[in-house]
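Student: got a predicted structure plus its sequence, pasted below:
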Amino acid sequence: MKSLKELEEIRNRTLDSVGLRKDRSSGARVVVGMGTCGIASGARGILLSFIEEARVRNITDMTVVQTGCIGACRLEPMAEVFMPGSEKVTYVNLTSEKVRRIISEHIVNGKSVDEYTIGSSVGDTAKQGGI
Amino acid sequence: MEDISLFVLDLVQNSIAAEARIVIIEIIECKQDKCLSLTIEDDGKGMDEFLMSKVTDPFFTTRTTRKVGLGLPFAKAAAQGCEGSFAILSEKGKGTKVTIIFKTNHLDCPPFGSMDQTLAALISANTNVDFVYKHLTQKGTFNFDTRIVKSELRGVRIDAFEVFEWILSYVKDGINEIDGGKIS
């Protein structure tokens, strides 16, 4: 059984570890679409995958946040990746495997995974907007 | 939506969009009456009467990215589909409270789902919002409050990896301890 007491231990253990207290505004920002459409298509698992994968690779300056419907419901789960100094990249039809590749290729190595992006996955359907 | 924990995730997104600072999620299970009530209460910007009258209409939405809004209509349909009920109360400037009652012995009652994952996702992705989770069953009560967690952490981020893992296990254990979410 986990207890609140363990938070004290986590705090003591990590107090000196810079990563946990570091200002994350300098790192990558991942925005996961969590509208009804996103959630129904598995956005919760995608959000958790981003966090788990960042943990595995010990990427401490990345933030994961949620937003509502991004606007192309049929392409959910979707996420937008903002790298400092670069344009936003929108990834669609996400799976945990795709998340792993996005973390390693885009967030760690700075090169977007173009085949998972909105541009290459949908072509003209994206222009229709909405459901 | 497949389960109740996903409804929570979906409805709390409304609270976040309404700029809530605190979201209170309360589950009460009553074995005798065979019902589970879910209440989500926030201190967001609330709604006026016009908006209130429209929210469960699937062809109404406040967002601009698409023309339909299915969150509340889905929740209402799920409640009604298992002979439960749905109610929404809101006051402009004060906040909104949604209550859904599920009849747990009904064939179409959705399963409970992974509330630990819903809470961990909400907390990690919205570090500036506080969440209170109260779960009551005949066996006991499980309370979880991110304000307490944050005060214990004193400076360590609530979305730090170790804290994230702790939240997942703490909530899961806490709900198991009171035999919560075991819808028959």
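Tutor: Arrived safely, thanks for sending. Numbering: from 1, shown residues only, chains lettered A, B, ... in the order given.

Student: what pLDDT is listed against the residue in chain B sticking out farthest from the centre?
Tutor: Using CA atoms, centre = their mean, the residue of chain B lying farthest from its centre is residue B:155. It sits 27.0 Å away. In this model, residue B:155 is scored at 81, pLDDT.

Student: what's the answer for residue A:122, then?
Tutor: Per-residue pLDDT puts residue A:122 at 52.

Student: just list whatever residues bridge to residue B:90.
Tutor: Here residue B:90 sits in beta bridges with residue B:96, going by DSSP bridges.

Student: shouldn't it be in contact with residue B:47?
Tutor: Yes - the pair residue B:90 / residue B:47 is scored as a contact, 4.3 Å apart, by CB atoms under 8 Å. Yep, even glycine has a C-beta here, placed from its N, CA and C like the rest.

Student: ok, back up a step: may I have the phi/psi pair for the residue farthest from the centre of chain B?
Tutor: Residue B:155 has phi and psi values of phi 110, psi -30 when expressed as degrees, to the nearest 10.

Student: now do the end-to-end distance for stretch B:28-43.
Tutor: Stretch B:28-43 has an end-to-end distance of 21 Å (CA to CA, to the nearest Å).

Student: what does that stretch contact?
Tutor: With contacts defined as CB atoms under 8 Å, 6 or more residues apart in numbering or on different chains, stretch B:28-43 is touched by B:4, B:7-8, B:11-12, B:15, B:18, B:20-27, B:84, B:94-105, B:109, B:112, B:135-138, B:180-181, B:183.

Student: what about residue A:96, distance to chain B?
Tutor: Distance of residue A:96 to chain B, computed by CB to the nearest CB, to the nearest Å: 13 Å.

Student: now do the contacts for that residue.
Tutor: For residue A:96, the contact set (CB under 8 Å, 6+ apart) comprises A:45, A:46, A:49.

Student: tell me the pLDDT at it?
Tutor: For residue A:96, the pLDDT comes out at 96.

Student: likewise for the one 3 residues further on?
Tutor: The confidence metric pLDDT takes the value 97 at residue A:99.

Student: that one - how many residues pack around it?
Tutor: 27 (other CB atoms under 10 Å in any protein chain shown).

Student: in a helix, it, correct?
Tutor: Yes - assessed with DSSP: H, G, I helix; E, B strand; the rest coil, residue A:99 lies in a helix.

Student: who are the contact partners of it?
Tutor: By CB under 8 Å, 6+ apart, residue A:99 lies in contact with A:46, A:49, A:50, A:53.

Student: next: residue B:24.
Tutor: Residue B:24 neighbours (CB under 8 Å, 6+ apart): B:39, B:40, B:41, B:42, B:131, B:132, B:134.

Student: if we use 10 Å, what do you get?
Tutor: By CB atoms under 10 Å, 6 or more residues apart in numbering or on different chains, the contact set of residue B:24 is B:15, B:39-43, B:95, B:97, B:130-134, B:145.

Student: relative to chain A, how far out is it?
Tutor: Taking CB to the nearest CB as the measure, residue B:24 falls 19 Å from chain A.

Student: tell me which strands the helix or strand harbouring that residue pairs with, and in which orientation.
Tutor: Element membership for residue B:24 (DSSP states H and E) is strand B:22-30. Looking at strand B:22-30 with DSSP bridges, its partner strands are strand B:35-42 (antiparallel), strand B:130-137 (parallel).

Student: now it: average pLDDT?
Tutor: Strand B:22-30 comes out with an average pLDDT of 97.

Student: flag every buried residue along that strand.
Tutor: Going by neighbour count (16 or more other CB atoms under 10 Å in any protein chain shown), the buried part of strand B:22-30 is B:22, B:23, B:24, B:25, B:26, B:27, B:28, B:29.

Student: could you single out the nearest of those to chain A?
Tutor: Checking those against chain A by CB to the nearest CB gives residue B:23 as the nearest, at 12.9 Å.

Student: need the mean per-residue confidence for the helix or strand where residue B:120 lies.
Tutor: Using DSSP H and E, the element containing residue B:120 is helix B:115-125. Mean per-residue pLDDT for helix B:115-125: 96.

Student: follow-up on the earlier one: and of the strands paired with strand B:22-30, who's closest to residue A:11?
Tutor: strand B:130-137 (18.4 Å; CB to CB).

Student: now do the strands in chain B.
Tutor: For chain B, the strands defined by DSSP state E occupy B:22-30, B:35-42, B:85-91, B:95-103, B:130-137, B:140-145.
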